[in-house]
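Colleague: predicted coordinates and the sequence they were generated for:
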Amino acid sequence: MNATVSLFTEIPETLHESLKTYLDAHPDWDQNRVLTAALSLFLLQNGESDRSCARVYLETLFQHS
């Protein structure tokens with residue numbers, strides 16, 4: 001992945017608790033990696049046909065710490 005942009009957002013507390021539980025169980029993942037994978041997959045599933053979006057998703061999914 002090339003350049004990154006900071007993003008500030010509010011999420012429901014229950015979603016945040018689930019995210020924390022997931023990250024505790026998967027130490028090789030962090031909040032940024034989860035949100036990048038989720039956003040790129042959402043865009044792919046909802047009509048974004050740009051190959052760079054698919055590349056970001058796959059790189060994020062298979063990155064190794």
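Modeller: Okay, I see it. Residues are numbered from 1 along each chain as shown.

Colleague: can you show me the helices along this protein?
Modeller: For the chain, helices defined by DSSP state H occupy the ranges 13-25, 31-45, 51-62.

Colleague: Thr4 is nearest to which of the ones you listed?
Modeller: Ranking the helices of the chain by proximity to Thr4 (CB to CB) places helix 31-45 first, at 8.3 Å. Yep, even glycine has a C-beta here, placed from its N, CA and C like the rest.

Colleague: what sits up against the closest one?
Modeller: Residues outside helix 31-45 that contact it (CB atoms under 8 Å, 6 or more residues apart in numbering): Met1, Leu7, Leu19, Tyr22, Leu23, Cys53, Ala54, Val56, Tyr57, Thr60, Leu61, Gln63.

Colleague: farthest-apart pair in those residues, please.
Modeller: Leu23 and Ala54 (24.5 Å).

Colleague: shaky segments in the protein?
Modeller: Applying pLDDT under 70 to the chain picks out residues 1-2, 64-65.
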